[in-house]
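Chemist: here is my input, please return the structure:
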Amino acid sequence: MNHSDMLQRMCHSVLAKTDLKAIVKSRGLPQTATNAGILAGLFLTDQGVADAMKSLDRKEIGLLHMLRAVDKPVNVSFFGRVYEARRTYGSTFTQKYSVVLAKVKERLVRTGVLLMCDVPSRGDDVKMELWRFAFPVQFHPYLPPLLESTYTCDGSGDFRPDAVREKLRVDLGSAAPATAANSGDIPSFQIASGELWLGEARFQVSQLAGLRSALWAQRLGTKKQTSASKDSHDLQPTDAVFQLLASLKTNEWADVEQLTEFAQVFSAQKVDCHLVCEAGWQIGALAKIEAEGKCRYRHAPAEPALDPSKTMKVLERDKCVAVDLSQVPFEALETLVQLSDVRLNPSGLPSLLLTPNLVRIGRASDDVLASDSGQWLFQHSQVFGQAHALLISRRGKTVLHSNVLIARVTDLSLKVALEKALGESWISLKNDYGVFPRSALSDVQRIVKKSGHVIKEVAGNDR
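Modeler: Numbering: from 1, shown residues only. Here you go, the predicted structure:
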């Protein structure tokens, strides 16, 4: 349900006349707005929004910040983190959240900052479960900042080496083969079939936030949990603190007391922000300073964008490029592995060896090809330059592939197993067909046999 539909239903069907009058008074709207149709036309304007926000307490401001981040309607249980729900044994959903609903309606809906409506029943839902609430995007600019009276100080503060980069080096340098869960629930870096993987997916920078959060939770001696409820938007304490600090402006720092005020709102549990922040500093996620007798924190500075020549070295004799894992920016590393086959440097870490992969180069986006790292490869490495020139010469033309095999796989589970094991070496086609290089035939045979299926071979005429 979109916000426009919610607004119409709220004004015409959900709220009583007294509720409409309360919104008009809170927002300073004209008295004619007590008419449902007129209020629906004026509600999303900016009139009186800033003043209405001033009537809310700090925890309620935190709720609205969470709603802005969630960016979709939520049910009444969302507000139990601030308006305490009844927790008596055996309470029904209605009994548990009736007080919460009354508070939400009084403090946020009648104030004129929140949309409220009900959704169709799925058959076994009680009325209390059908209420939905949303924070209109038009009101976002008037939301007061989360952290007030922050300390301003130039400089990057004290921060430690990033635990994620150290994990990259340790995982790839380990003699034992890495697995997705060899550190509990923390995924590991590994090289498989010429690709760099993190856990069960090919490496991407977008994975690092979750990995860093897991390492942070591990430092605290806790296990990173996933929410059991699809309607729950609770953050882990580490994620709550990190999101709070994300609201800081340049050169602003927050003390632990400021974070404690909102951490419970974001995580719906008691949070020891002293321990969380110290652990975040230890793994390199946070920077800190000591000022006026307090430790103050913010996000650790982003890694610098280094010139590719400082992190890569061309090894023409070996027809490859060495990448220094202790320095290469992760953004650059993601680009490099999209263009290359990667393997460990036998002379020792911390470095990877890259050789061009024509298939990956051909599939790479224009942004990847034009990136600083990609251009450096093409301009300084002869083998990468030749691969790029071949791509340019073939672009826009139809390429007939040789030395490939075609397979028809009708079993979905087997198809998924092949796609997962072969990665980019397996290309799915229509009507259950797929193609793969002849060199991967032994891998395909092994996977098919392990899955309990049999290969039926059909030979074609070579022309």
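Chemist: and the gap between N251 and T150?
Modeler: With distances taken as CB to CB, to the nearest Å, N251 is found 9 Å from T150. In short, each C-beta sits where N, CA and C put it, glycine included.
Chemist: sorry, that was for D46
Modeler: Counting by CB to CB - D46 and T150 are separated by 26 Å.
Chemist: quick one, which of those two is more surrounded?
Modeler: Applying other CB atoms under 10 Å to D46 and T150 shows that T150 carries more neighbours, namely 19 against 11.
Chemist: in contact with that one: list those residues for me.
Modeler: 248-249, 252-254, 258 (CB atoms under 8 Å, 6 or more residues apart in numbering).
Chemist: please redo it, this time with the cut-off set to 6 Å
Modeler: 252, 254 (CB atoms under 6 Å, 6 or more residues apart in numbering).
Chemist: so for the one helix or strand S393 maps to, what's the average pLDDT?
Modeler: Assessed by DSSP states H and E, S393 sits inside helix 382-394. Average pLDDT, helix 382-394: 89.
Chemist: touching the helix or strand that comes right after that helix from outside, list them.
Modeler: For helix 382-394, the following helix or strand on the C-terminal side (DSSP H and E) is strand 404-408. With contact meaning CB under 6 Å, 6+ apart, strand 404-408 is reached by 432-438.
Chemist: make a ChimeraX selection of the buried ones in those residues.
Modeler: If you want just the buried ones from the contacts of strand 404-408 in ChimeraX, going by 16 or more other CB atoms under 10 Å, the selection is:
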select :434,436,437
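Chemist: pLDDT and distance to T355 for the contacts of strand 404-408 - can I get that in a markdown table?
Modeler: What follows is these, written out as a markdown table (pLDDT from 0 to 100; distance: CB to CB, whole Å):
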| residue | pLDDT | distance to T355 |
| --- | --- | --- |
| D432 | 85 | 33 |
| Y433 | 87 | 29 |
| G434 | 89 | 25 |
| V435 | 89 | 22 |
| F436 | 88 | 20 |
| P437 | 88 | 16 |
| R438 | 87 | 19 |
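Chemist: narrow the contacts of strand 404-408 to those in strands?
Modeler: 433-437 (DSSP state E).
Chemist: from the residues you listed, which is closest to Q375?
Modeler: P437 (28.2 Å; CB to CB).
Chemist: how close does the closest one get to S428?
Modeler: 15 Å.
Chemist: where does the prediction get shaky in the stretch 251-400 of the chain?
Modeler: 348-349, 396-400 (pLDDT under 70).
Chemist: in it, which spans are strands?
Modeler: With DSSP state E, counting those that start in this stretch as the criterion, the stretch 251-400 of the chain has strands at 252-255, 286-291, 294-299, 312-315, 320-324, 340-344, 351-356.
Chemist: make JSON lines out of these and add distance to L115.
Modeler: Below are the strands of the stretch 251-400 of the chain laid out as JSON lines (distance: least, CB to CB, whole Å):
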{"stretch": "strand 252-255", "distance to L115": "31"}
{"stretch": "strand 286-291", "distance to L115": "35"}
{"stretch": "strand 294-299", "distance to L115": "32"}
{"stretch": "strand 312-315", "distance to L115": "52"}
{"stretch": "strand 320-324", "distance to L115": "51"}
{"stretch": "strand 340-344", "distance to L115": "50"}
{"stretch": "strand 351-356", "distance to L115": "51"}
